[in-house]
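K.L.:
A structural model of the following input is requested.
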Amino acid sequence: MTARASFQIQAEAQMATCEHNRLVYPWQHDRDDEGPKDALYRIFTKTKSKAKEAAATWTIMDYLSFFIPCLEWLRTYKWSKWIMNDVVAGVSVGFMVVPQGMSYANSAGLPSVYGLYGAFLPCLVYCLVGSSRQLAVGPVAVTSLLIAANLKPLVPCINDIVNPNSITDPVQQACQDQYNRASIQLAFIVACLYTGVGVLRLGWVTKFLSHAVIGGFTTGAAITIGLSQVRYILGYSINMGHSTRLQDYISEYTKKARNLRWQEFIMGIMFIFILVFFREGQRIWKPLRHIRSLGALFVCVIGILAVYIGNINEPDNGAIRIVGNIPSGLPGWTGDWWVPMEDPTFSQLIPTALIVMLVDLLESTSIARALARKNGYELNYNREIIGLGLANFAGAMSNSYTTTGSFSRSAVNNNAGAKSPLAQFVCGWIVGFVLLFLTPVFANVPFNALGAIVVVSVASLVEFEQAIYLFKVNKLDLCCWLASCFGTLFYSVEVGLGIAVGLAIMMALFQTAFPHTAVLGRIPAGKTVYRNIKQYPDAQMYPGILAFRIDSPLYFANVKSLEDKIEKAMIKFTAWSNVQGVPQIFFLIIDMTPVHHIDSMGLHFLEDLVFQCKGKGIQLILANPGRNVVNDWERIKYPDLLGRDYIFVTVHDAMHYAQQRLGEMGFSVSPLSLGAAPPSMVYVANEPTAPSSSSSSMSDVAGPSKPPVERGSEGGGPTLRPGTSSSRPNSSRVQ
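P.N.:
Residues are numbered from 1 along each chain as shown. The predicted structure follows:
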């Protein structure tokens, strides 16, 4: 019996064994009786099933809790254990938000009382409809800066007003009223956007903004906010117009440095030192952490006492500027301000509303997510977004500009032991008490105290340590951080945010348009495990059989890139196979395990790949496709085009099938380890190199130049290397 005949008998016997032990792909179980469904249908079906389950199991209280989330936590509230924690936390945040809210409203170009309004009714409404137990809502620094930077160009006359709390000129009062109205209309639009995003479950859009990009923007915005408040500490005014650029601030402060008022400067610096002590004193003595939230209120009390006792606001005693008139009483109804939007118009306000909503949404959800994780409960993101939208609706109808979650106040709320949104209820009524009885007292707060509060508050938003961390771990993220930070600092807040959003989207598109791919080899110790040969240099490959993995969905943005990567991998692998005695690639195995989605262009790509491989004498084999992918294949009859026999459960099954077929063709292939230094082809997934160098690099790494193919003495044809077939484990081809 000839060697060739002996080989064929062994191959046929092994194939029979493989067919008997094969793993069958679950074609019939992969789809229901009506055939495959698209993604939209699956979403509809999932929603429908959840609705049916809710209808069958929910009680009346569950339905009420769905629309009024406070009923959910009230049912399980431990009054005896938690009530004091929530009261203490609410009082602490209330003492903190009163001076902060006045400061932030002032930096937004609004009367100081608007900051108090923003911490009253929105807090009470959020307590009813919010899902985070520790989030503290109200006015925040970044939102105030965005409003001032975008609304002032729409109402230019507002730049002539020095103190919005004390206006005697009727023309300036009309201008201030116009600006106040625009801020309320902006809050209404933001509330609509918030609620729409939550109802439509679009909160995932914030995931396009990476932490590095937003960190750079926040750092630039924090520095800009701090610079805008330095004027109150130095004691003189500057005319910035519509600009928020760093170089313009430096120029203005330098030109008018001769107007420095030493009384206000010394007082402002003293306030900064006091605030820093309250914030950082716990590092010296831990019990001081209990009074951390009282720093802003303590500074205001000192300033008020200095005005009352020392009359420092009088011209003869330094003429320290104070807030001035603050209306007493709860906020009035402003729902009738929402429409019509005439000056500025809706089209002028909507870009600013989108920017404010996007920044506020990212800030609030990131804080709420971190607090939920720290306190061990699950956060309903879409319900949280709806709650913030309803809180802004309440603010827009009660003389408040846009509110959102605050980093500093949320941290104080959590550290004070808040257990539920009841702390926000207490905080809201602390502010309400101030509005009813104490506004004449806070009217005497010096502006340098408010400026110092803002400067120290925003200092915590400057994240230079994040830049250092990114420098160590990811230079590309560092470049994005620097670009968004410098764009905000040296051009404008809008441009900085635009750069941040643009870079975030570009990074996401880059990662998907140029996905990671890998050439696979068998791990010697694993036997049936195939991994990236770049990661595992000892992984073994088979000449003539290229195993390739795609680590991303297949869709229109990355089809061309994947086509190029597969082509280059085939060129280099062919050159390597030639050195081993196999003239070409006969089988291309694509591991589909990471491919969870495929669109129409991805389907066209796979169809074209079948014909391209056939034209080159290559058999395409696909391994482990997912259910959704196979459903899409069935819709265009792709398994019949490729052949169901060429779709396998595992790469190992596909590899053994290809080995057997190569054996039938007369080639005896053995797995070869590429050694410790991977060849140039292993970089094809991410760093393509010139094909001309592949052959030499392959031969250098693969070891001896003698090919592992033995020629028989009869007829000169290729024969099976002794022991190769019998040592191969049974393959499991699927049908």
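K.L.:
Show me how far stretch 647-667 is from its chain's centre.
P.N.:
Chain-centre distance of stretch 647-667: 43 Å, with C-alpha atoms, centre = their mean, to the nearest Å.
K.L.:
nope, stretch 71-82 is what I meant
P.N.:
Worked out by C-alpha atoms, centre = their mean, stretch 71-82 lies 32 Å from the chain centre.
K.L.:
Give me the residues contacting it.
P.N.:
Contacts to stretch 71-82, defined as C-beta atoms under 8 Å, 6 or more residues apart in numbering, come from residues 61, 64-65, 133, 419-422. The way it works is simple: take the backbone N, C-alpha and C, and place the C-beta from them, glycine included.
K.L.:
what residues are up against Tyr638?
P.N.:
603, 606-607.
K.L.:
The contacts of stretch 71-82: which two are farthest apart?
P.N.:
Leu64 and Lys419 (21.7 Å; C-beta to C-beta).
K.L.:
before we move on, the earlier item: can you redo the contacts of Tyr638 as CSV with neighbour count, distance to Leu562 and pLDDT?
P.N.:
Formatted as CSV, these follow (neighbours: other C-beta atoms under 10 Å; distance: C-beta to C-beta, whole Å; pLDDT from 0 to 100):
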residue, neighbour count, distance to Leu562, pLDDT
Leu603, 18, 13, 93
Leu606, 23, 10, 94
Glu607, 15, 14, 94
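K.L.:
Filter those residues down to just the ones in helices.
P.N.:
603, 606-607 (DSSP state H).
K.L.:
Helices of the stretch 501-650 of the chain, residue ranges please.
P.N.:
Along the stretch 501-650 of the chain, the segments classed as helices by DSSP state H, counting those that start in this stretch run 559-579, 600-615, 627-635, 638-642.
K.L.:
just for the chain, where's the confidence low?
P.N.:
For the chain, the stretches flagged by pLDDT under 70 are 1-40, 42, 206-208, 313-318, 674-735.
K.L.:
try it again with 50
P.N.:
1, 3-5, 7-20, 29-36, 675-735 (pLDDT under 50).
K.L.:
residue boundaries of the strands in it?
P.N.:
Assigned by DSSP state E, the strands in the chain fall at 137-138, 404-405, 517-522, 530-532, 540-541, 545-550, 587-591, 619-623, 647-648, 672-673, 710-711, 718-719.
K.L.:
List the buried residues in stretch 606-626.
P.N.:
Residues 606, 609-610, 612-613, 618-626 are the ones in stretch 606-626 that count as buried (16 or more other C-beta atoms under 10 Å).
K.L.:
actually stretch 334-348, not the one I typed
P.N.:
Quick answer for stretch 334-348 (16+ other C-beta under 10 Å): 334, 337-338, 341, 344.
K.L.:
ok, back up a step: please name whichever of the helices of the stretch 501-650 of the chain is nearest to Val669.
P.N.:
Of these, the one closest to Val669 (C-beta to C-beta) turns out to be helix 559-579, at 8.9 Å.
K.L.:
Can you name every helix or strand that the closest one contacts?
P.N.:
Applying 3 or more C-beta pairs under 8 Å, 6 or more residues apart in numbering; DSSP states H and E, one finds that helix 559-579 contacts strand 517-522, strand 545-550, helix 600-615, helix 694-702.
K.L.:
Let me have those in TSV, extended by distance to Gly216.
P.N.:
TSV is the format used below for the helices and strands packed on helix 559-579 (distance: least, C-beta to C-beta, whole Å):
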stretch	distance to Gly216
strand 517-522	31
strand 545-550	32
helix 600-615	34
helix 694-702	41
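K.L.:
Of all these, which one is nearest Lys46?
P.N.:
Among those, helix 600-615 sits nearest to Lys46 (C-beta to C-beta), with 22.8 Å.
K.L.:
which residues are contacting the closest one?
P.N.:
With C-beta under 8 Å, 6+ apart as the test, helix 600-615 has contacts from 553-556, 559, 562-563, 566, 588, 598, 619-620, 632-633, 636, 638, 641-642.
K.L.:
and if you look at stretch 274-284?
P.N.:
In contact with stretch 274-284 (C-beta under 8 Å, 6+ apart) are residues 288-289, 291-292, 294-296, 298-299, 302, 452-453, 456, 460.
K.L.:
That stretch: which residues count as buried?
P.N.:
274-275, 278-279, 281.
K.L.:
can you check stretch 371-391 too?
P.N.:
For stretch 371-391, by 16+ other C-beta under 10 Å, it's 371-372, 379-391.
K.L.:
of all the residues you listed, which comes closest to Phe407?
P.N.:
Leu371 (10.7 Å).
K.L.:
nearest residue to that closest one other than its sequence neighbours?
P.N.:
Gln134 (4.4 Å; C-beta to C-beta, 6 or more residues apart in numbering).
K.L.:
Can you give me the distance of the one you found to Asn414?
P.N.:
4 Å (C-beta to C-beta, to the nearest Å).
K.L.:
Mind listing the shared neighbours of those two?
P.N.:
371, 375.
K.L.:
Compare neighbour counts for the two and give me the winner.
P.N.:
It is Gln134, of Gln134 and Asn414, that has more neighbours when counted by other C-beta atoms under 10 Å, with 28 against 20.
K.L.:
and stretch 592-609, which residues are buried?
P.N.:
592, 594-595, 598-599, 602-603, 605-606, 609.
K.L.:
which one of those is nearest Ala89?
P.N.:
Nearest member of the buried residues of stretch 592-609 to Ala89, counting by C-beta to C-beta, is Pro594, at 45.4 Å.
K.L.:
Please name the residues that touch that closest one.
P.N.:
Applying C-beta under 8 Å, 6+ apart, the residues near Pro594 are 549-552.
K.L.:
which residues sit in contact with the residue nearest to Leu371?
P.N.:
Gln134 neighbours (C-beta under 8 Å, 6+ apart): 371, 375, 410, 413-414, 418, 423.
K.L.:
possible to save those residues as a markdown table with distance to Ala508?
P.N.:
Listed next are the contacts of Gln134 as a markdown table, based on distance: C-beta to C-beta, whole Å:
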| residue | distance to Ala508 |
| --- | --- |
| Leu371 | 26 |
| Asn375 | 31 |
| Ser410 | 28 |
| Asn413 | 33 |
| Asn414 | 31 |
| Ala418 | 35 |
| Ala423 | 37 |
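K.L.:
Show me which of those residues is closest to Val190.
P.N.:
Ser410 (19.4 Å).
K.L.:
ok, back up a step: just the buried residues of stretch 371-391: which are in helices?
P.N.:
Those of these lying in helices (DSSP H): 371-372, 381-391.
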